[in-house]
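1. Need coordinates for the below:
(chains A and B)
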There are 2 protein chains.
Amino acid sequence: MCQKTGKYLKQIINEELNRVKKELYFNAAARYFDETGYKHFKISDLAKELETSVGTIYNLFGSKEELYVEYLILKLETFLVNLKSNEGSDPLENLKTYLKYKYAIFIQTEHERNKPITSDPYFFHKLDISNHSVVDELHQYLIRQLRSLIPCKNTNHKHLAIIFKKISDGFIESYLYGECQSDHIVDETIEIFFQGVRIKN
Amino acid sequence: MCQKTGKYLKQIINEELNRVKKELYFNAAARYFDETGYKHFKISDLAKELETSVGTIYNLFGSKEELYVEYLILKLETFLVNLKSNEGSDPLENLKTYLKYKYAIFIQTEHERNKPITSDPYFFHKLDISNHSVVDELHQYLIRQLRSLIPCKNTNHKHLAIIFKKISDGFIESYLYGECQSDHIVDETIEIFFQGVRIKN
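-> Prediction:
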């Protein structure tokens, strides 16, 4: 093996090692985020937990913020997969499913004992900050349902999808402030939205 | 002067110096944020601009994030002062003023040549993350108007204020995506909201 090929192979091995390392550290970080949320998450605590140095974590992920964005995208992808696998032929039901999944993150009832996809109450706020394709796919999901429900050519369905998403963010914020009950939260969101955007006669 | 008193005076002087120093650095940082926005803002660039060390800035403010939150609160206080000094007797007009100021940050027209209060398009998203009293005062402003407009005892006006705020956030996001025009954005927000939350007959 000439020196050049040796170097090349070593590079491949190192790159692959780094990839696996990053993945392993990322999975550990994700579990850690699940437990602590963003605010209480400390790179130094994570490093201690993983018996590594703070520098290693920074080298792999750049910053706490960047690591968190990767984490949010992972969670969002799970959310999207769940939505799509449950997408039926009734667009109104599909919108309700979106709301149910979204609200389940914040509102744990005795009947929904599944773990939420994140324990960070500001999850959805922060997501708007990232420009990842999964955010766009979630918009597309909403747009599909709204096109079926409002099959009007002059309607901007993406605009409506964004308003729909924001109204649901409002219900979450209101719930976190203790200003709304969880009982009819899905139906109330649907009601405000469809009354709000009703097509004029 | 005994040593103890000397120490005490020195402490007072140092504290006052630190306060003034922080204020001066903060004002410079705020101007810098105005120009660059959060994403492109670098502590190292700010340090260079101010001919000081990165360590000095971190010692004063803790982190880029904390510095930014202080900046947002300053901007929000300006927003609130503007709102209150223009608050009239017509609650609907007051809501429109809120929207006009808020949208003016994002939508600069030839007729509104005043500088926006921030150049960061995610300004309002990030604000929800902070739990400062100024956020609560902005809610109170909206609640006052909504109480006048919907004087019904069974209505939760804070819930409605949050939904109102979020619908306006939705219009901003939609505008940033190029999905809505600026022409009638205030009236459209008012329309969606009041149709949405209409009191049932």
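2. So residue A:147 versus residue A:193, what's the distance?
-> 15 Å (CB to CB, to the nearest Å). To be clear about C-beta, it is placed using only N, CA and C from the backbone, and glycine gets the same treatment.
3. residues contacting the residue nearest the centre of chain A?
-> Closest residue to the average C-alpha location of chain A: residue A:76 at 2.7 Å, with CA atoms, centre = their mean. Neighbour list for residue A:76: A:127, A:132, A:134-135, A:138 [criterion: CB atoms under 8 Å, 6 or more residues apart in numbering or on different chains].
4. Where does pLDDT dip in chain A?
-> Flagging of chain A using pLDDT under 70 yields the residue ranges A:1-6, A:39, A:106-131, A:199-201.
5. Figure out the helix or strand that the residue nearest to the centre of chain A lives in.
-> helix A:64-85 (DSSP states H and E).
6. got the buried residues for that helix?
-> Buried residues in helix A:64-85, counted by 16 or more other CB atoms under 10 Å in any protein chain shown: A:64, A:67-77, A:79-80, A:83.
7. any idea which helix or strand comes after the helix or strand residue A:36 falls within?
-> If you go by DSSP H and E, residue A:36 is part of helix A:3-40. Counting by DSSP H and E, the next helix or strand C-terminal to helix A:3-40 is helix A:43-49.
8. what about the helix holding residue A:36, distance to the chain center?
-> With CA atoms, centre = their mean, to the nearest Å as the basis, helix A:3-40 stands 22 Å off its chain's centre.
9. neighbour count winner among residue A:147 and residue A:193?
-> Neighbour count, other CB atoms under 10 Å in any protein chain shown: between residue A:147 and residue A:193, residue A:193 has more, with 23 against 15.
10. so which helix or strand takes in that one?
-> Applying DSSP H and E, one finds residue A:193 within helix A:185-196.
11. ok, now residue A:180?
-> Counting by DSSP H and E, residue A:180 is part of no helix or strand.
12. For the residue lying closest to it once chain neighbours are set aside, give me its contacts.
-> Setting aside the residues directly before and after it, residue A:180 is nearest to residue A:174 in space (CB to CB, 6 or more residues apart in numbering or on different chains), at 4.5 Å. Shown in contact with residue A:174 (CB under 8 Å, 6+ apart): A:180, B:158-159, B:162-163.
13. If we only consider those residues, which is nearest to residue A:44?
-> residue B:162 (35.6 Å; CB to CB).
14. Most widely separated two among the contacts of residue A:76?
-> The span of the contacts of residue A:76, defined through CB to CB, is set by A:132 and A:138 at 9.9 Å.
15. Show me how chain A divides into domains.
-> A:3-62, A:70-196 (automatic domain parsing).
16. Turn the contacts of residue A:76 into TSV, columns for neighbour count and distance to chain B.
-> TSV is the format used below for the contacts of residue A:76 (neighbours: other CB atoms under 10 Å in any protein chain shown; distance: CB to the nearest CB, whole Å):
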residue	neighbour count	distance to chain B
A:127	22	10
A:132	15	14
A:134	19	16
A:135	18	11
A:138	21	13
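17. Reformat those residues as a markdown table; add secondary structure.
-> As requested, the contacts of residue A:76 are exported to a markdown table (DSSP: H, G, I helix; E, B strand; the rest coil):
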| residue | secondary structure |
| --- | --- |
| A:127 | helix |
| A:132 | coil |
| A:134 | helix |
| A:135 | helix |
| A:138 | helix |
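18. mind giving me TSV with the residues you listed and columns for distance to residue B:24?
-> Shown next, in TSV, are those (distance: CB to CB, whole Å):
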residue	distance to residue B:24
A:127	36
A:132	39
A:134	43
A:135	39
A:138	44
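19. Residue A:78 and residue A:105: what is the separation?
-> From residue A:78 to residue A:105 the distance is 11 Å (CB to CB).
20. again but with residue A:14, I slipped
-> 39 Å.
21. More neighbours: which of the two?
-> More crowded of residue A:14 and residue A:105, by other CB under 10 Å: residue A:105, with 19 against 10.
22. This completes my enquiry, with thanks.
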